[in-house]
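J.: Test case, fold it:
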Amino acid sequence: MSSSHTLRREDAPPGSIVPTRYWHALGDGRVQCDLCPRACHLAEGQRGLCFVRGNLAGELVLASYGRSSGFCIDPIEKKPLYHFYPGSPVLSFGTAGCNLACKFCQNWDISHSRQTDTLADAASPELLAQTAADLGVRSVAYTYNDPVVFHEYAIDTAIACRERGIASVAVSAGYVCDAPRREFYAQMDAANIDLKAFSERFYHQLTGGHLQPVLDTLLYLHHETPVWLELTTLLIPGENDSAIELEALSRWVAEALGPQVPLHFTAFHPDYKLRDRPATSVATLRLARHIALEQGLKHVYVGNVHDPEGDTTYCASCGERLIGRDWYLLTHWGLDASGACKVCGALCAGHFPPAPGDWGRRRRPIQLGS
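T.: Model (predicted):
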């Protein structure tokens, strides 16, 4: 740690070191981080696996408050969220670091960064929220790396956004302990959680984590909060794409979370420390979608490939096409102003505007600070 003192969060300018809540002293100068199941034990000056949380003078602090790896306005479908105000723009940002060690990380240059130069942009929660309001976006997304590791910054930003009527979206692996999970999701309106696989072997060998805490997060979100929930599984050939595992995963989602929860199967490309696997084929993604539909899920999508059918939302009641998509561009709208199917009148699960958004495929980087 490079600073000799911490600041109260409400007084902290961007780039400050701020105190955190979820830790306890071990009695020998070390502290234990209680934010996620990893429970890092940290000596003075040492940082956890996430890189941004560490022991400073016997306290656990966050060293990246108010700093970001970049800000960008994206289509909400890119998160991916298909049932949360489709076609709307979302102001996206992340920081650096991650509390998992996924060998296949597709954003490794951000999430596994150990360079402070990654955090080149800066913005206080108030500035970020006000910028979102000025730009007319409907929501802010905490993404690119896992918002669990910048817990305090994300929460303060979400509170500032809520005061301005702007929604907050978490894109996370769901690897977090119970108390901080409850505090965090009390401020979120929607979440896409990576259910990376449905085996402990996969989580242990390829992420350095465990499956059960993620399932606990999913159960909590669906059964104990109003947060709109969607799931994503990146399919890696030979690792988590067997028919047996896909059946088990889909069946668990249908039974534990309900058939209306959207599930996205996305394509892997060789990256980071897993370059010896081929990219996921379109055929594999389509088979996964078929299996999930057979297990009773109503809204199953494919991603990272061009497949208009696999991107389309169909009515869970009559099967009518409700929302057509070509990548992130909406091509058809079959919902009425209440979010119901125009053919049979059944409501579609999710949050829908009276008319479709028209942000389309645009991606607009913005600069908020220096």
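
J.: Where does the prediction get shaky in the protein?
T.: Residue ranges of the chain with pLDDT under 70: 1-15, 107-120, 369-370.

J.: And for G27, the neighbour number?
T.: Neighbours of G27 under the rule other C-beta atoms under 10 Å: 7. From N, CA and C alone the C-beta is placed, and that goes for glycine too.

J.: nearest residue to the residue most central in space within the chain other than its sequence neighbours?
T.: Closest to where the C-alpha atoms of the chain average out (C-alpha atoms, centre = their mean) is V171, at 0.9 Å. When the adjacent residues along the chain are set aside, V171 lies closest to T143, with 3.9 Å between them (C-beta to C-beta, 6 or more residues apart in numbering).

J.: contacting residues around that neighbour?
T.: T143 is in contact with 79, 92-94, 169, 171, counting by C-beta atoms under 8 Å, 6 or more residues apart in numbering.

J.: can you put those in CSV and add secondary structure?
T.: Below are the contacts of T143 laid out as CSV (DSSP: H, G, I helix; E, B strand; the rest coil):
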residue, secondary structure
K79, coil
S92, strand
F93, strand
G94, strand
V169, strand
V171, strand
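
J.: and which of those is nearest R289?
T.: Of all those, K79 has the smallest distance to R289: 18.7 Å, by C-beta to C-beta.

J.: Y301 versus that closest one, what's the distance?
T.: To Y301, K79 is 12 Å away according to C-beta to C-beta, to the nearest Å.

J.: same question, L81
T.: L81 is 11 Å from Y301, by C-beta to C-beta.

J.: So the two - more neighbours on which side?
T.: L81 (28 against 24).

J.: isn't that one right next to M188, touching?
T.: No: between L81 and M188 there is no contact under C-beta atoms under 8 Å: 12.0 Å.

J.: what do these two both touch?
T.: Between them, L81 and M188 share these contacting residues under C-beta under 8 Å, 6+ apart: V169.

J.: Tell me how the protein divides into domains.
T.: 9-65, 67-355 (automatic domain parsing).

J.: Span of the longest one from start to end?
T.: Taking C-alpha to C-alpha, to the nearest Å, the first and last residues of domain 67-355 lie 35 Å apart.

J.: same question, stretch 52-64
T.: With C-alpha to C-alpha as the measure, the ends of stretch 52-64 fall 6 Å from one another.

J.: Repeat that for stretch 323-334.
T.: This stretch, stretch 323-334, spans 6 Å end to end (C-alpha to C-alpha).

J.: now that stretch, how far from the centre of its chain.
T.: 22 Å (C-alpha atoms, centre = their mean, to the nearest Å).

J.: what's the answer for stretch 222-239, then?
T.: Mean-position distance between stretch 222-239 and its chain equals 9 Å (C-alpha atoms, centre = their mean).

J.: again, but for stretch 192-204
T.: 14 Å.

J.: neighbouring contacts of it?
T.: Under the contact criterion C-beta under 8 Å, 6+ apart, stretch 192-204 has outside partners 79-81, 102, 169-174, 206-207, 209-212, 214, 217-218, 221, 229-234, 239-240, 245-246, 248-249, 252-253, 264.

J.: mind listing which of those are in helices?
T.: Residues of the contacts of stretch 192-204 located in helices (DSSP state H): 212, 214, 217-218, 221, 245-246, 248-249, 252.

J.: Now for those, which sits with the most neighbours around it?
T.: Per-residue neighbour counts (other C-beta under 10 Å) across the ones in helices among the contacts of stretch 192-204 peak at V214, which has 26 neighbours.

J.: okay but it is in contact with Y175, surely?
T.: Yes: the pair V214 / Y175 is scored as a contact, 6.2 Å apart, by C-beta under 8 Å.

J.: elements contacting the helix or strand containing H290?
T.: Per DSSP states H and E: H290 is located in helix 282-294. Packed against helix 282-294, as judged by 3 or more C-beta pairs under 8 Å, 6 or more residues apart in numbering; DSSP states H and E, are the following elements: strand 228-235, helix 243-252, strand 263-267, strand 300-303.

J.: The stretch 51-200 of the chain: helices as residue ranges?
T.: Per DSSP state H, counting those that start in this stretch, the stretch 51-200 of the chain carries helices over the ranges 108-111, 125-135, 151-162, 178-185, 200-202.

J.: Among those helices, single out whichever gets nearest to G54.
T.: helix 151-162 (13.8 Å).

J.: separation between the nearest residue to G94 once chain neighbours are set aside and F150?
T.: Leaving aside its chain neighbours, G94 sits nearest to Y144 (2.9 Å; criterion: C-beta to C-beta, 6+ apart). Applying C-beta to C-beta, the value for Y144 to F150 is 11 Å.

J.: Please identify which of these two sits among more neighbours.
T.: Neighbours were counted for Y144 and for F150 using other C-beta under 10 Å; F150 has more, 27 against 21.

J.: Please tell me how far the nearest residue to the more buried one once chain neighbours are set aside sits from A316.
T.: Sequence neighbours aside, T95 is the residue nearest to F150 in space, at 4.6 Å (criterion: C-beta to C-beta, 6+ apart). Using C-beta to C-beta, we find T95 at a distance of 37 Å from A316.

J.: ok, these two, which is more surrounded?
T.: Taking neighbours as other C-beta under 10 Å, T95 and A316 compare with T95 leading, 32 against 17.

J.: Check whether that one really touches G70, as I assumed.
T.: No: when contacts are counted by C-beta under 8 Å, T95 is not listed as touching G70 (9.9 Å).

J.: that older thread, same list, the ones in helices among the contacts of stretch 192-204, but as a markdown table with distance to R38 please.
T.: Below are those laid out as a markdown table (distance: C-beta to C-beta, whole Å):
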| residue | distance to R38 |
| --- | --- |
| Q212 | 14 |
| V214 | 13 |
| T217 | 14 |
| L218 | 19 |
| L221 | 20 |
| E245 | 24 |
| L246 | 28 |
| A248 | 26 |
| L249 | 23 |
| W252 | 24 |
